[in-house]
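**Q** sequence and predicted structure are below.
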Amino acid sequence: RCWEVALQLADLAMDSGSLLASTGAAAVIAGHALGRSWQRSLACFEGLPSKLRTTVVTVNPAINAFSYDSYDSHGDTNATWEAAVQLYTHADLEGVKLDTFSLNSAVSACATTGRWFVAFCLMRVAQ
């Protein structure tokens, strides 16, 4: 219950533009993921200023959020692994210095929904 209150306060701070440090934003994104709300994690990530969306500190928890909950609000498993791969790919194209955690997060989102071939392809391309 305390986490819910803390996340609500952090959300208010982010919405008002007060929480601008990448580590604080990453904590909020990760907190929502742990609460099984990848949609809110992604909304927090997308609401960040562009300079914070192009750092591995905020990209990693956003990608990782898709590993915690393998279904979207309509019960569709495709949405989560595809969104994880899209975010990973987009971050790479934007020049974010992705790391092992980034790759593991995208692979985990694919594996959670049984998309093993996609997970293998991601690992292969990352070599």
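**A** Here it is on my side, so go on.
**Q** hmm, who's touching stretch 80-89?
**A** Contact partners of stretch 80-89, identified using C-beta atoms under 8 Å, 6 or more residues apart in numbering, comprise 38, 42, 59, 62-63, 66-67, 69-72, 98, 102-103, 105-106, 109-110, 112-113, 115, 118, 122. All C-beta atoms are positioned from the backbone trio N, CA, C, and that covers glycine.
**Q** could you do stretch 117-127 as well?
**A** Residues outside stretch 117-127 that contact it (C-beta under 8 Å, 6+ apart): Trp81, Val85, Tyr88, Leu103, Ala106, Val107, Cys110, Ala111.
**Q** mind listing what's buried in that stretch?
**A** Val118, Ala119, Leu122 (16 or more other C-beta atoms under 10 Å).
**Q** could you measure from Glu94 over to Trp81?
**A** Applying C-beta to C-beta, to the nearest Å, the value for Glu94 to Trp81 is 20 Å.
**Q** tell me what the host helix or strand of Asn60 is packed against?
**A** Taking DSSP states H and E as the definition, Asn60 sits inside helix 56-68. Where contact means 3 or more C-beta pairs under 8 Å, 6 or more residues apart in numbering; DSSP states H and E, helix 56-68 is packed against helix 22-34, helix 38-46, helix 78-93, helix 100-112.
**Q** just the endpoints, please. Distance across stretch 65-84?
**A** End-to-end distance for stretch 65-84, by C-alpha to C-alpha, to the nearest Å: 8 Å.
**Q** pLDDT of it, averaged?
**A** On average, the pLDDT along stretch 65-84 is 70.
**Q** ok, back up a step: in JSON lines, list the buried residues of stretch 117-127 along with distance to Ala33.
**A** Below are these laid out as JSON lines (distance: C-beta to C-beta, whole Å):
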{"residue": "Val118", "distance to Ala33": "20"}
{"residue": "Ala119", "distance to Ala33": "19"}
{"residue": "Leu122", "distance to Ala33": "19"}
